[in-house]
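A.B. asks: Mind folding the following:
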Amino acid sequence: MKAEYINPFLESAKIVIEQVIQIRPSTGQLGLKDIKFVQNYIWIQIGINGQMNGDIVFGLSEQVALKIVSAMMGGFTISEMDEIGRSAISELGNMISGNASTMLFNQGIKVDITPPKVVQSAQAAGFTAQQALTIPLIMDGIGELDIQVLVAS
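C.D. replies: Predicted coordinates:
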């Protein structure tokens, strides 16, 4: 797995998060991590097809998701992850991935992305015990968003 696959998603996530919730995230440590079920966690899964094939998975705790959705809603406090909250967090993943696919295209890598799927358990997403290239984005006052790349080629 090539580390440069994650860079467009990392850069895109920083740009989109800063635009949408007015916080410039800092970058954590790049590493390999097993994707596994975590209680009270939300996954945004987006498939990638073309010159790269696999999935991009954004993982965040439900509390972080609620804070992000609240910021996306102009500061209106969201206390539970309902349909509107899932839609908003899904759109965040879609905006990050769409922007990243444009960056990849500009690097000569043609990919299509699938619509985001929001799941609240790793088993529901169909994840198997595998390692992903991962990097956390740290948002002051909000928490962390993990970007995980599972790309075969």
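A.B. asks: can you pull out the strands in the chain?
C.D. replies: With DSSP state E as the criterion, the chain has strands at 26-27, 31-34, 41-50, 54-61, 111-113, 117-119, 131-139, 143-151.
A.B. asks: Among the ones you listed, which comes closest to residue 15?
C.D. replies: strand 131-139 (11.3 Å; CB to CB). To be clear about C-beta, it is placed using only N, CA and C from the backbone, and glycine gets the same treatment.
A.B. asks: Pull the residues that contact that closest one.
C.D. replies: With contact meaning CB atoms under 8 Å, 6 or more residues apart in numbering, strand 131-139 is reached by 1, 3, 5-6, 10, 13-14, 17, 21, 23, 25-35, 57, 64, 68, 144-151.
A.B. asks: mind redoing it with 7 Å?
C.D. replies: Strand 131-139 is contacted from outside by 1, 3, 5-6, 10, 13-14, 17, 23, 25-28, 30-35, 57, 144-150, using CB atoms under 7 Å, 6 or more residues apart in numbering.
A.B. asks: that older thread, hey, which of the strands of the chain is tucked in deepest?
C.D. replies: strand 54-61 (a mean of 23; mean count of other CB atoms under 10 Å).
A.B. asks: which residues sit against that strand?
C.D. replies: Contacts of strand 54-61 (CB under 7 Å, 6+ apart): 9, 35, 40-48, 93, 97, 132, 143-152.
A.B. asks: Swap in 6 Å and give it another go.
C.D. replies: The contact list for strand 54-61 (CB atoms under 6 Å, 6 or more residues apart in numbering) reads 9, 41-48, 93, 97, 145-146, 148-152.
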